[in-house]
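**Q** Fold the following.
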Amino acid sequence: MNRSVSYLLRASCAALMAASCSAAMAQDMATVGEAGSPPVEADQSGIDDIIVTAQFRGQRIQDTPLAITAMSGEALEARGQVSVLDIGSFTPSVNLSTAAATQSNSVSAFIRGIGQDDSNFALEPGVGIYIDDVYFGTTFGASLDLVDLDRAEILRGPQGTLAGKNSLGGAIKLYSRKPDETPGGMVQVGYGRFDRVDVRGSANIPLSESLFTRFSAVYRRDDGYFKELDYGCVNPGQGIAATGRADGNCVLGRAGGENMLTLRGAIRFAPVGSPLEINIIGDYSRDHRQPVAGKIQYADNPLVRSYDAGNPAGGIPFDSRFLTPKGSYTSYADYGDGGNFSTVYGTLYQQAPGSRPYRRKNTADGWGVSGTIDYRLGDSFSLKSITAYRSVDGTSVIDIDGSPLNMLLESLRNKHEQFTQELRLSGSVGTAVDFTVGGFYYKADDLLQYYIGIPQFLFDYMTDDPVSNRSIAGFAHAEFHATDKLNIIGGIRYTDDKKTYTFVRTNYDGSPISGIPLTPSFTVADLDGVSATYSGSRWDYRLGINYAWNDRIMTYAQVATGYKGGGINPRPFVSDQVTNFEPETLITYEAGFKTSFLNGRVVMNGSAFYNDYKDIQRTVYVCLDSVSTTCGKPVNAGDGRSYGAEFEMFLRPARGWQINGSVSWLNFKYKSINPLTAITLDMAAPFANEVMASLGVQYEADLGGAGRLTPRFDVSYQSEFYTQPVNNAVYNMVPERALANARLTYETADGNWGVTASVTNLFDKYYAVSKTENIVNFGIAQSILGRPREWMLSLTRRF
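**A** Down below sits the predicted model:
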């Protein structure tokens, strides 16, 4: 029996024992309560009173027949969760991480093993990300701060009827706190390891009895936990000169650090006694974080050598000498001479040509504005309009090999602009039916600008590719209350998509380019001016039933569909690689239960599902059907199936105590494979953890007039998972890990002042969050290392 299955059995047994004991305890205590015991204190209430809008109307989470995890802003703060990446650690079946070695500003988002780890605009997300009901149409720039949130909702399983396309794995929805009539605010300042500084603040300012404003800001920065070393300084006498720093310091730079600023302002207009409410939100973000902490695990490419003017085949080859010691947070800095490309590369790095080291960078600057209008049409109907514009513009400048050699010089600029409009009409027909009908429009204009330089072959070129993406949808959702206990749900959605990609390939100065001197030639010049279009349409549906056995137990079953949009290969090396790929589709059969006892002090929810997965999209690095076998092409790799189960619990066993936990299990298998890929039927799906689990324990000690002292301990576990479709147990398999965090918070009795001491990665686990491997084309594999143990002290003032 393997470790994951053994772990699952132990966790399942523990969960079943807890469920049985808790249910029995709840029944006994409920009986006592009915006999006239004192009412439950307000501070003993649980999570079942959280209101969610997953079905486009406000419902208690325990009355919502979906696999959904909801966390209030207070719960996120109690756990120290500050970014969207933190949410996945404590949510079953959710894997969130930095997307790739090249772009630390992007998010790899997977739910139940379904998602997307490629931020290229030609590809679609597999998990929808929403901010105040506004769809964020790209994973680039989606590594968002959790700024002044009211709640976060994580929906698992396809949301094809209400959320629409690209939410077949699920959806992550973030909701900001609305301005209200109560003046107040907070300021929090923190300092921690690696010279980390966190500053957070918010202010709620009512202007009149009908006009309210709210402002919030977050600033985070640190120096980085990963060192970039001077190879010549660390290894003198090996033919690569040191940079010649006067202080003799072999550390030239750092990686893994953050430098982020987020601002948000909101205006709410809600006239007293009026059916009208208007909410306008504007936000700005500046994300200038360091590159990811990429550590080379494999290096073997004899074609790449240190640059030797007039002798491209000479010099030192790229091999294992450029691996830094195992267990260290180090790699070698990029500072080799770019030869003929020094001027271009120096310009892209925004520094003088020939200066060393070349500084890698990642930026993403974004802003957005949205306007939501709610209007009540009598007592039974309401109209909602959500209009939004968002933009994100960023760069990534790298040399992928983590050495002073110049294997592949890349400068990437990603610019994304989107406009969305959604209209919803919701209402009730007596007490028998609740419904929502609506329409959705999405238009994105993107720009992909790459500079690619391969000094070894005296070859480089520029791309300047515009991408146009348009989607129009109409949907309807209804819930029929057959009895006061039985509900039947039906939903349908029609979507029409169109995407156009135009390839621009020139020299850096705009002149025509020639092929690279390899056999067969990379006929990149033939791609200049080529345009390709993808279009398609799709019907999605949802049919479900739920039954409330009493006011504490509800069960549900449903079948639902979803899809991830098709598109065009954005990375052709030759013209025959300009091909389309079709949508990825999913049908999910799911059943679940939701239970809540003792006024929410005991909450246990569970679900089991079966996925029928077709036309699975995968990116392959060997094109067997092309003139050039080298490629990076998205293809429909085949069909598969997966099934699994999830369990969550929330307990308040005694005054001051809070325990929350979760466990999930997933089994995936391919049913058929496209023979033009190198995938085999026995390979695992990327980012599909077999087992995930979490446990959190918190105790709030009431010190009377002296205040409150709250210690909290959290631990999360992930089994091993692969990061690429063609599995490699050494170079693209991320080992299992368990991480623990601890916090101690003191608050004054009036709640105005607070001090928190926290430690993340308490036991200093050395681990990878992701891996990238391209041995076939470049002879390289990297691990993206997670953060080591860190401490932080923070001071909070509320007013």
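**Q** Can you list the residue ranges for strands in the stretch 201-350 of the chain?
**A** Counting by DSSP state E, counting those that start in this stretch, the stretch 201-350 of the chain has strands at residues 211-221, 226-229, 251-255, 259-269, 276-287, 294-299, 301-305, 317-318, 330-332.
**Q** Please identify which of those is closest to Ala684.
**A** Closest approach to Ala684 among those (Cβ to Cβ): strand 294-299, 19.1 Å. The C-beta positions use only the backbone N, C-alpha and C, and glycine is treated the same way.
**Q** Got phi/psi on Val84?
**A** The phi/psi pair for Val84 (degrees, to the nearest 10) reads phi -60, psi -30.
**Q** Do I have it right that Asp639 meets Asn611?
**A** No. Asp639 is not in contact with Asn611 according to Cβ atoms under 8 Å; the separation is 10.9 Å.
**Q** between those two, who's got more neighbours?
**A** Asn611 (23 against 16; other Cβ atoms under 10 Å).
**Q** Would you check that the more buried one makes contact with Ile587?
**A** Yes. With contact defined as Cβ under 8 Å, Asn611 counts as touching Ile587 (7.4 Å).
**Q** Redo the strands of the stretch 201-350 of the chain as JSON lines? Include distance to Asp49.
**A** Formatted as JSON lines, the strands of the stretch 201-350 of the chain follow (distance: least, Cβ to Cβ, whole Å):
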{"stretch": "strand 211-221", "distance to Asp49": "23"}
{"stretch": "strand 226-229", "distance to Asp49": "43"}
{"stretch": "strand 251-255", "distance to Asp49": "43"}
{"stretch": "strand 259-269", "distance to Asp49": "23"}
{"stretch": "strand 276-287", "distance to Asp49": "22"}
{"stretch": "strand 294-299", "distance to Asp49": "44"}
{"stretch": "strand 301-305", "distance to Asp49": "58"}
{"stretch": "strand 317-318", "distance to Asp49": "59"}
{"stretch": "strand 330-332", "distance to Asp49": "49"}
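**Q** Worst mean pLDDT among these?
**A** In terms of mean pLDDT, the lowest-scoring of the strands of the stretch 201-350 of the chain is strand 301-305 (a mean of 75).
**Q** Pull up the pairing partners for that one, direction included.
**A** Sheet pairing of strand 301-305 (DSSP bridges) gives strand 317-318 (antiparallel).
**Q** quick one: Pro512 is in a helix?
**A** No. Judged by DSSP: H, G, I helix; E, B strand; the rest coil, Pro512 forms no part of a helix; its state is coil.
**Q** can you count the residues close to it?
**A** Neighbourhood size, Pro512 [other Cβ under 10 Å]: 10.
**Q** Tell me the secondary structure of the closest residue to it other than its chain neighbours, please.
**A** Residue nearest to Pro512 in three dimensions, not counting chain neighbours: Ala525, with 6.1 Å by Cβ to Cβ, 6 or more residues apart in numbering. With three-state DSSP as the basis, Ala525 sits in helix.
**Q** Over to the one 10 residues further on?
**A** Ser535 carries the three-state label strand when classified by three-state DSSP.
**Q** check contacts around it.
**A** Applying Cβ atoms under 8 Å, 6 or more residues apart in numbering to Ser535 gives the contacts 496-499.
**Q** Scan those and report the most crowded one.
**A** Using other Cβ under 10 Å as the neighbour test, the contacts of Ser535 are led by Lys499, with 24 neighbours.
**Q** Hmm, that residue is touching Pro570, no?
**A** No. Counting by Cβ under 8 Å, Lys499 does not reach Pro570; the two are 10.6 Å apart.
**Q** Need the residues touching each of the two.
**A** The contact sets of Lys499 and Pro570 overlap at 122, 467 (Cβ under 8 Å, 6+ apart).
**Q** Now do the helices in the protein.
**A** 3-34, 73-79, 84-87, 231-234, 342-348, 775-778 (DSSP state H).
**Q** Show me the shaky parts of the stretch 251-400 of the chain.
**A** Across the stretch 251-400 of the chain, residues meeting the criterion (pLDDT under 70) sit at 305-315, 335-359.
**Q** burial measure for Pro302, as a count.
**A** Pro302 has 10 nearby residues by other Cβ under 10 Å.
**Q** what do you get for Leu155?
**A** Neighbour count of Leu155, defined by other Cβ under 10 Å: 26.
**Q** dump the residue contacts of Val734.
**A** Contacts of Val734 (Cβ under 8 Å, 6+ apart): 720-723, 768-771.
**Q** Correction: the previous question concerned Asn235.
**A** Applying Cβ under 8 Å, 6+ apart, the residues near Asn235 are Arg321.
**Q** go with 10 Å
**A** 229, 242, 250, 321-322, 332 (Cβ atoms under 10 Å, 6 or more residues apart in numbering).
**Q** quick check, nearest of those to Gly751?
**A** For the contacts of Asn235, the closest approach to Gly751 (Cβ to Cβ) belongs to Leu229, at 47.6 Å.
**Q** who does that closest one bridge with?
**A** Per DSSP bridges, the residues bridged to Leu229 are Val251, Tyr332.
**Q** which of the contacts of Val734 sit farthest apart?
**A** Farthest pair in those, by Cβ to Cβ: Tyr722 and Val769, 13.7 Å.
**Q** my guess is Leu448 meets Arg505, correct?
**A** No. Judged on Cβ atoms under 10 Å, Leu448 makes no contact with Arg505 at a distance of 11.9 Å.
**Q** Low-confidence regions, the stretch 551-700 of the chain specifically.
**A** Residue ranges of the stretch 551-700 of the chain with pLDDT under 70: 628-630.
**Q** Which parts of it are strands?
**A** Using DSSP E, counting those that start in this stretch, strands in the stretch 551-700 of the chain cover 553-564, 567-568, 580-581, 584-597, 602-622, 630-651, 657-673, 691-699.
**Q** coming back round to it: where do the contact lists of Asn611 and Ile587 overlap?
**A** Contacts common to Asn611 and Ile587, judged by Cβ under 10 Å, 6+ apart, are 158, 168.
**Q** Verify the stated contact: Phe581 with Lys633.
**A** Yes. Using Cβ under 10 Å, Phe581 is in contact with Lys633, at 8.1 Å.
**Q** Return every residue with contacts to both of these two.
**A** Residues touching both Phe581 and Lys633 (Cβ under 10 Å, 6+ apart): 569, 618-619.
**Q** which one among those residues gets closest to Pro653?
**A** Pro653 lies nearest to Arg618 out of the shared contacts of Phe581 and Lys633, by Cβ to Cβ, at 46.0 Å.
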